[in-house]
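Asker: pasting the sequence and the predicted coordinates here, then a few questions.
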Amino acid sequence: MAEITPLTFRWGIISTGNIAAAFVKDLLIDPKTRGVHDVVHKVASVGSRSVEKAKEFIDRLTGGDKSIKAFGTYEEVYADKDVDAIYIGTPHTYHYTNALDAIKAGKHVLCEKPVTCNAAELRALITAAREHNVFFMEAVWTRFQPLSLEVKRIAEEGSLGLPVLLHADLSGNFGIHDIPVTHRILDPNLGGGALLDLGPYPLFWAILALYENPANGFSAPTNISASMLNTPLTPVDSSTVFNLTFSASKLAAQASLSCSITLNALETGVTIRFEHGTILIHSPIYCPKSFKVQYLGKNGKVTKEETRNFDYVGGGWHFQADEVARCVRDGKKESALWGHDKSLLEMTVFDEVRRQGGYKFPEGVEKVVA
Ligand SMILES: NC(=O)C1=CN([C@@H]2O[C@H](COP(=O)(O)OP(=O)(O)OC[C@H]3O[C@@H](n4cnc5c(N)ncnc54)[C@H](OP(=O)(O)O)[C@@H]3O)[C@@H](O)[C@H]2O)C=CC1
Ligand SMILES: O=C1OC[C@@H](O)[C@H](O)[C@H]1O
């Protein structure tokens, strides 16, 4: 069989923080190790607020690959003619401005979660992406991992019946008393708190299992109820609980979701209860490596149980990079797996949770308001 020549997809990286480093490490992994033969990734340039940091980042992660340009501004990356798509790894409250600048420069964009501070900012970005005819996606990497694809297949294949209740929690202990109040997790100017940082993941599982279920017909939740508990240090949430009801179509299901920046993660972070069985997803829920399916008999007792394990080379961020490259290659402006509608649902839910929970950004943080 003839070998296909893979597309070389060229990335411009915005910022040199933790997640930008994790993403770049994954871009450097040979895609063949995950069975991908049609695309390869190339880091073309890295932009930082300091050119020294950009150089240090390239040296540290690539062993000093001289073909990668180091820039001391983000604007130079947006303008780089050798870049196909921009990856944005800045704190939440910078996503809107960074993504808009990249879009206006005519670049395709993959932007970290949460994609913006609010739904109004996201709507403005979607409009801009359409006007400039570019691909735009929130980096909800979990959606593209093989485990998630398999959970979705089993959830919809029929033998479990319809989903009824979903519980999902993502907690991570940030040691909030030992970090400066200027840390992004505590600083309200950077969108600090549990909801915006960790909340996307429990919500992601509700979107995958309930919103995407064919019986729901992609209907928005009919009810959202939420409560937020602030840290004693800054006006951001240390934990948040939020419940969603889906009852607009043939699905009648509820999600009970939570997140905390002071607790460690649960061993089983997601439980999806169906009419005839249960799917239990093991932590970390942003890149789980195993899940269990329990099939229930008429008396509610487990009749069959199956554990599925997944493994791959790398951290799991490369699957979303493959999706971006393929979508751009195929002329798509959004992903079928994590399209604009899902990011909009996320930001609309978060706006409502923050409204009920009393979480307000400092003046000027939101660049667009409804
Ligand atoms: N998908 C995932 O698994 C993860 C996603 N994230 C998301 O990525 C984003 C960044 O998180 P993380 O990498 O942990 O953050 P870091 O603080 O480690 O990095 C953020 C980077 O953004 C740049 N930056 C620009 N303006 C500012 C500013 N005012 N204050 C601080 N940094 C600034 C800096 O890079 P420079 O100085 O080079 O310009 C900095 O290194 C968040 O939105 C978070 O939700 C985070 C962790 C995991
Ligand atoms: O996306 C994320 O996943 C892992 C967390 O530790 C991190 O804070 C968050 O941004």
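Answerer: Sure, I can see it. Ligands and ions are numbered 1, 2, ... in the order given.
Asker: contacts, neighbours, all on C-alpha from now
Answerer: Will do.
Asker: what helix or strand does Glu363 sit in?
Answerer: With elements taken from DSSP states H and E, nothing contains Glu363; it lies in neither a helix nor a strand.
Asker: and the top helix by length along the chain, how far out from the chain middle?
Answerer: Longest helix in the chain by number of residues, with DSSP state H as the criterion: helix 340-357. When distances are taken as CA atoms, centre = their mean, to the nearest Å, helix 340-357 is centred 14 Å away from the chain's centroid.
Asker: ditto for stretch 194-210
Answerer: Centroid displacement of stretch 194-210 relative to its chain, using CA atoms, centre = their mean, is 9 Å.
Asker: with just CA atoms, put it into CSV.
Answerer: Written as CSV, here are the backbone C-alpha positions of stretch 194-210 (Å, rounded to 0.1, in the frame of the first residue of the first chain):
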residue,chain,number,x,y,z
ALA,A,194,-12.8,26.7,40.9
LEU,A,195,-15.7,27.2,38.4
LEU,A,196,-13.7,28.7,35.5
ASP,A,197,-10.6,26.5,35.9
LEU,A,198,-12.0,23.1,36.9
GLY,A,199,-15.8,23.5,36.1
PRO,A,200,-15.3,22.9,32.3
TYR,A,201,-14.5,19.2,33.0
PRO,A,202,-17.6,18.1,35.0
LEU,A,203,-19.6,20.1,32.6
PHE,A,204,-17.9,18.5,29.6
TRP,A,205,-19.1,15.0,30.8
ALA,A,206,-22.6,16.3,31.1
ILE,A,207,-22.4,17.7,27.6
LEU,A,208,-21.0,14.5,26.2
ALA,A,209,-23.5,12.2,28.0
LEU,A,210,-26.6,14.3,28.2
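Asker: is ligand 1 contacted by it?
Answerer: Yes. In terms of CA under 6 Å from any ligand atom, part of stretch 194-210 sits within range of ligand 1, namely Asp197.
Asker: what does stretch 316-325 give?
Answerer: No. Judged by CA under 6 Å from any ligand atom, stretch 316-325 and ligand 1 are separated, with a smallest distance of 7.4 Å.
Asker: residues touching Gln356, list them.
Answerer: Under the criterion of CA atoms under 8 Å, 6 or more residues apart in numbering, the contact partners of Gln356 comprise 225-227.
Asker: 10 Å instead, please
Answerer: Residues in contact with Gln356, defined by CA atoms under 10 Å, 6 or more residues apart in numbering, are 224-228, 242, 350.
Asker: that older thread, buried residues in the longest helix of the chain?
Answerer: Within helix 340-357, the residues scored as buried using 16 or more other CA atoms under 10 Å are 340, 342-354, 357.
Asker: does any part of it sit near ligand 1?
Answerer: No. Judged by CA under 6 Å from any ligand atom, helix 340-357 makes no contact with ligand 1; its nearest approach is 13.3 Å.
Asker: and that helix, average pLDDT?
Answerer: Mean per-residue pLDDT for helix 340-357: 98.
Asker: need the CA coordinates for that helix. CSV is fine.
Answerer: Written as CSV, here are the backbone C-alpha positions of helix 340-357 (Å, rounded to 0.1, in the frame of the first residue of the first chain):
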residue,chain,number,x,y,z
HIS,A,340,-19.2,26.5,18.9
ASP,A,341,-22.6,25.4,20.2
LYS,A,342,-20.9,23.4,23.0
SER,A,343,-18.6,26.2,24.1
LEU,A,344,-21.6,28.6,24.0
LEU,A,345,-23.5,26.2,26.2
GLU,A,346,-20.6,26.1,28.6
MET,A,347,-20.2,29.9,28.8
THR,A,348,-24.0,30.4,29.1
VAL,A,349,-24.1,27.9,32.0
PHE,A,350,-21.1,29.6,33.7
ASP,A,351,-22.7,33.0,33.3
GLU,A,352,-25.8,31.7,35.1
VAL,A,353,-23.9,29.9,37.8
ARG,A,354,-21.9,33.1,38.5
ARG,A,355,-25.1,35.1,38.5
GLN,A,356,-26.7,32.8,41.1
GLY,A,357,-23.4,32.5,43.0
